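**Student:** Sequence and predicted model, in that order:
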There are 2 protein chains.
Amino acid sequence: MQTYSRHCILELWDCNINLLNDRNLIEKLMVEAALEAGAEIREIAFHKFAPQGISGVVVISESHLSIHTFPEQGYASIDVFTCGKRINPHTAAYLIAKKLEAQKIYEMNLERGIGEIKIVKNLNPITKTI
Amino acid sequence: MQTYSRHCILELWDCNINLLNDRNLIEKLMVEAALEAGAEIREIAFHKFAPQGISGVVVISESHLSIHTFPEQGYASIDVFTCGKRINPHTAAYLIAKKLEAQKIYEMNLERGIGEIKIVKNLNPITKTI
């Protein structure tokens, strides 16, 4: 099993706030993003907070996708972490951003499982081949 | 709800390989790390892969802790992501590192929920107060 992994971190601002507090919709779009990126889903855990906010994780064979929403601020944090080079986490992360109608996105991309954690500009195309 | 969050990313190498493939033990130590750091656990999702490797996430009120283990390489990737300033993710992450007997650790600490994702040297003490 390859330890080489890619981690796409997105900060989504000015999302459609009507979407950010809908647990079923958030879970559905996280699952869809995983599947559309070609990941294999293993476990799903979502939680709705009172009065608002959703946290959820989709565990995939290739690692995980996570989301935490703050409807009152129109903000969601996204992590898509994938081992190997078959799945592009950037693809899945941006599918989520698009569906949440994020107007402002801050992004950081990491390569992991290779020693020092490496910040990379772009996860597409593959920057490291093992 | 504060969007300000801290994210401690650890790469653990040369762990005790006998521990890395024990699902119950990994789940127990992740839960313990969350509780010892003062987090409130909401959901737990762990998966054991064949022939080896564990992936798991503990969703907490303050965001999440995740782990992915690669027993054959003695490697585990850890993320502890916590919103607000009450829980120190660094504390929880290093509790996990210690219990897995990691001999080599690569670390990155981020501040999130504030605009651009910010790399910080040290999450302890609090570097930003909101």
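**Tutor:** Thanks, I have the structure now.
**Student:** I'd like the distance between A:Met108 and B:Ile96.
**Tutor:** 22 Å (CB to CB, to the nearest Å). No exception for glycine: its C-beta is placed from N, CA and C like everyone else's.
**Student:** make that A:Ala76, sorry
**Tutor:** 26 Å.
**Student:** Same drill for these two, tell me which one is more crowded.
**Tutor:** Taking neighbours as other CB atoms under 10 Å in any protein chain shown, A:Ala76 and B:Ile96 compare with A:Ala76 leading, 26 against 23.
**Student:** Specify the beta-bridge partners of that one.
**Tutor:** Note on A:Ala76: beta-bridge partners by DSSP bridges are A:Leu12, A:Thr69.
**Student:** same deal with A:Val58?
**Tutor:** In beta-bridge terms (that is, DSSP bridges), A:Val58 pairs with A:Ile44, A:Leu65.
**Student:** which residues sit in contact with it?
**Tutor:** A:30-31, A:34, A:39, A:41, A:43-44, A:64-66 (CB atoms under 8 Å, 6 or more residues apart in numbering or on different chains).
**Student:** 6 Å instead, please
**Tutor:** A:Val58 sits next to A:30, A:34, A:41, A:44, A:65 when contact means CB atoms under 6 Å, 6 or more residues apart in numbering or on different chains.
**Student:** So which of those wins on neighbours?
**Tutor:** In terms of neighbours by other CB under 10 Å, those top out with A:Leu65 at 28 neighbours.
**Student:** Which strand or helix spans the residue located most distally from the centre of chain A?
**Tutor:** Each residue of chain A has a distance to the centre, and by CA atoms, centre = their mean the biggest one is for A:Pro51: 23.7 Å. Under DSSP states H and E, no helix or strand contains A:Pro51.
**Student:** ok, A:Ala33 to A:Glu11 distance?
**Tutor:** Distance from A:Ala33 to A:Glu11, counting by CB to CB: 16 Å.
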